[in-house]
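[1] Provided below for reference: sequence and predicted model.
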Amino acid sequence: MQIKNKQDISLILDNFSNFAEWDAAGKKLYLVFADKKRGGQWTLMSYEGDRFSVHGVGKDYEDAEELFFEERNQVLSFLWDNRAALKSAVESSQVVSA
């Protein structure tokens, strides 16, 4: 899989259930990928109604709360900035589910 533009990321979001795990307690889908800037991991979460959020955690940090994206373009931009880690996580999830 290649991520050449934000349209490719939009396609991942449209098919998020194919790559993500289900959290029954939180009633959300989630995908974990590397936070290369801070040396930890991001968790991208999808809720009913096409709402997305992220939360970061690492050895020396933990975000106080989830950051909800107000617009789809915001999540696209965030994922574009983290596209290498996203690509790796999506490819790993496809191997597990295959």
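    Ah, there it is.
[2] what bridges to the residue nearest the centre of the chain?
    The structure's the chain has its C-alpha centroid closest to Leu44; by CA atoms, centre = their mean the separation is 3.3 Å. Assessed by DSSP bridges, Leu44 has beta-bridge partners Leu31, Val54.
[3] from here on, count from 58
    Sure, I'll start counting at 58 from here, so that last one is Leu101.
[4] report back the residue of this structure that's furthest from centre.
    By CA atoms, centre = their mean, the chain has its most distant residue from the centre at Asp117, 20.8 Å.
[5] and it, what pLDDT?
    Confidence at Asp117, expressed as pLDDT, is 94.
[6] can you give me the helices for the protein?
    With helices called from DSSP state H, the chain shows them at 63-71, 129-138, 140-154.
[7] so which of the ones you listed gets nearest His112?
    Smallest distance to His112 across the helices of the chain (CB to CB): 12.1 Å, for helix 129-138. The way it works is simple: take the backbone N, C-alpha and C, and place the C-beta from them, glycine included.
[8] can you list the buried residues in the closest one?
    By neighbour count on 16 or more other CB atoms under 10 Å, the buried set for helix 129-138 is Val132, Leu133, Phe135, Leu136.
[9] from Ala82, how far off is the first one?
    Here the distance between Val132 and Ala82 works out to 23 Å (CB to CB, to the nearest Å).
[10] ok, Leu88 - contacts?
    Shown in contact with Leu88 (CB atoms under 8 Å, 6 or more residues apart in numbering): Phe73, Phe76, Ala77, Glu78, Thr100, Leu101, Ala146, Val147, Ser150.
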